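Novice: Got a predicted structure here, sequence first:
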Amino acid sequence: MTTSAITPDLEAYGRYARSSAIADWLELAALKGRRVTRAQLEDLFHDYGWTTKKPQQFITVEDDFDEEDSNGSSGADYYSDVPELWSESIHSILLERADALGDAWPFTLRGNWEIVASRRPQPTPYLLLLALAVAHSRGLRTSEEPTALVEGTVARALSNKGWLVTSMGTSDRNGDSFQENLANVGDALGLPVQDPAFPAKRYAKDAGVDTLTFVGWPDKRLAGQWLSVGQVTIAKSERWQIKLLEPRPDHWAAYFLQNVHPVRFLAVPHHVERPHVNYLVGASTGVLVDRLRLCQDLTHINESERQFLTEVLSFPVDDGRSIA
């Protein structure tokens, strides 16, 4: 764990979230009253030797293309115009945050796209999710581990959508077996569970699931209840696809005697960049719930989260080479 300054780190969240990682550092700098211009940011990339890396990691078809674009190309040949310059890529990330969140984003963009914090930024859900991602990636020394907070934060956001949410205990956390934890989840959701549940590994911990959501009807008909099974993680971006695919929907449908497979989801406190979202999400994969979606359903932060946020924001923020 570290007690040193938070500096820009292109690989803080892994290779698929580089622009998002630098955008987060710019937000932290803005909270300290430091404004970084586009020219200064480009100098920083040059000084760190990052200019040889490219922002674009995916080629994905845009959702909103016409069958034929203005040049007469078919939709299949039309790909998103992803910025090739780091400054443009990071700017697009900040613009997406401003557009998606409105007043829930505690920053504004001014002039030569300098990012400025709200005059008196209050402890907000957005800042909490930012702090969770930053603290874990930097190994910041805090009184509570971000991994210990994030599952509860995500569960509260999902609950605020009106879903019944419960966590899947693991044998290494509470000493109960997978079968016992599964029975407890069934009780919490009001659903019967296979006893014993199978197919399952004999010494399974959680079968790739730590959070479940349920929307159903109390009509005692089991068929066709809405169930989703997912993972909450602060892992680096290279792990997100692996985490998303860990739950086996066919197994979990069997555990809860369902004839419809539950939907998989992955929740992360990061802002997942649009091309990566388009790459990850699909009928055979699942749903992604990132910072932009979570903070719209978090109405408040609790005392433990507030203390954690205060601790993270107390760390100095520096560029590691003193921008003039």
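Specialist: That came through fine. Everything quoted here is computed from the prediction, not taken from an experiment.

Novice: Residue 149 is in contact with residue 304, isn't it?
Specialist: Yes - counting by CB atoms under 8 Å, residue 149 does reach residue 304; the two are 6.6 Å apart. To be clear about C-beta, it is placed using only N, CA and C from the backbone, and glycine gets the same treatment.

Novice: Who has more neighbours out of the two?
Specialist: Set residue 149 next to residue 304 and count neighbours by other CB atoms under 10 Å: residue 149 wins out with 24 against 14.

Novice: pLDDT value on the more buried one, please?
Specialist: As predicted, residue 149 sits at a pLDDT of 95.

Novice: can you tell me how far it sits from residue 132?
Specialist: 7 Å (CB to CB, to the nearest Å).

Novice: can you give me the helices in the chain?
Specialist: 18-31, 38-48, 86-101, 125-138, 146-159, 171-174, 178-189, 240-245, 249-255, 274-280, 291-297, 303-313 (DSSP state H).

Novice: where does the chain dip in pLDDT?
Specialist: Regions of the chain meeting the criterion pLDDT under 70 cover residues 1-3, 60-84, 112, 119-121, 169-174, 322-324.

Novice: quick check: domain ranges of it?
Specialist: Following automatic domain parsing, the chain resolves into domains at 15-127+304-313, 146-303.

Novice: Need these in TSV (columns: distance to residue 6).
Specialist: Converted to TSV, these look like this (distance: least, CB to CB, whole Å):
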stretch	distance to residue 6
domain 15-127+304-313	6
domain 146-303	14
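
Novice: Of all the ones you listed, which one is nearest residue 136?
Specialist: Proximity to residue 136 (CB to CB) singles out domain 146-303 among the domains of the chain, at 4.2 Å.

Novice: residues contacting the residue nearest to residue 204 when sequence neighbours are not counted?
Specialist: Distances taken as CB to CB, 6 or more residues apart in numbering place residue 178 nearest to residue 204, at 4.2 Å, with adjacent residues excluded. Residue 178 makes contact with 170-171, 197, 200-201, 203-207 under the criterion CB atoms under 8 Å, 6 or more residues apart in numbering.

Novice: same question, residue 14
Specialist: Residue 14 touches 236-239, counting by CB under 8 Å, 6+ apart.

Novice: Which pair of those residues spans the longest distance?
Specialist: Using CB to CB, the contacts of residue 14 span at most 7.2 Å, a distance reached by 237 and 239.

Novice: Those two - which one has more neighbours?
Specialist: More neighbours surround residue 237 than the other of residue 237 and residue 239, with 23 against 16 (other CB under 10 Å).

Novice: Thank you kindly, that will do.
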